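>>> Dropping the sequence and predicted coords here.
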Amino acid sequence: TPADVIKTRLQSAPREGDITYTGMRQCATKIYSHEGVGAFFKGTSLRALRTAPHMGLTMAAYETFSEMWSVGNYKRRMATKTS
């Protein structure tokens, strides 16, 4: 996200020849003027590719464990298995 790009640029130690930033607004202005709007969204597609499967697994695990640990659901499930 643009906020992450600005935060990273402000936290990074400038190397020789790099632009130095004094604040958020100045950082955003320099990024926009030197690199364009696309610079604010570098790495977005890779982040989505990493986050989407992670969230899918998290939701699947949550649903599985919440169903297993719910006493009412467990008793119903056991009753249908035995009958």
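Ah, there it is.
>>> Please, where are all the strands along the chain?
Assigned by DSSP state E, the chain shows no strands.
>>> Dead centre of it: give me the residue that sits there.
Nearest residue to the geometric centre of the chain (CA atoms, centre = their mean): Thr51, 5.8 Å.
>>> pLDDT weak spots in this structure?
For the chain, the stretches flagged by pLDDT under 70 are 71-78, 81-83.
>>> Next, count neighbours for Leu49.
Residues lying near Leu49 (other CB atoms under 10 Å) number 9. To be clear about C-beta, it is placed using only N, CA and C from the backbone, and glycine gets the same treatment.
>>> ok, it - contacts?
With contacts defined as CB atoms under 8 Å, 6 or more residues apart in numbering, Leu49 has no neighbours.
>>> ok, so what distance separates it from Gln11?
Distance check for Leu49 against Gln11: by CB to CB, to the nearest Å, it reads 24 Å.
>>> what does Lys30 give?
According to CB to CB, Lys30 and Gln11 sit 15 Å apart.
>>> Neighbour count: the two, which is higher?
Using other CB under 10 Å as the criterion, Lys30 and Gln11 rank with Lys30 on top: 16 against 8.
>>> what sits against the more buried one?
Taking CB under 8 Å, 6+ apart, we find Lys30 in contact with 19, 21.
>>> how about the helices of the chain, start to end?
Ranges of helices in the chain, per DSSP state H, are 2-11, 24-35, 44-69, 71-82.
>>> closest to Gly17 out of those?
Gly17 lies closest to helix 24-35 among the helices of the chain, at 12.7 Å (CB to CB).
>>> what comes up buried for that closest one?
Using 16 or more other CB atoms under 10 Å as the test for burial, helix 24-35 gives 27-28, 30-31.
>>> Before I go, just wanted to say thanks for your time.
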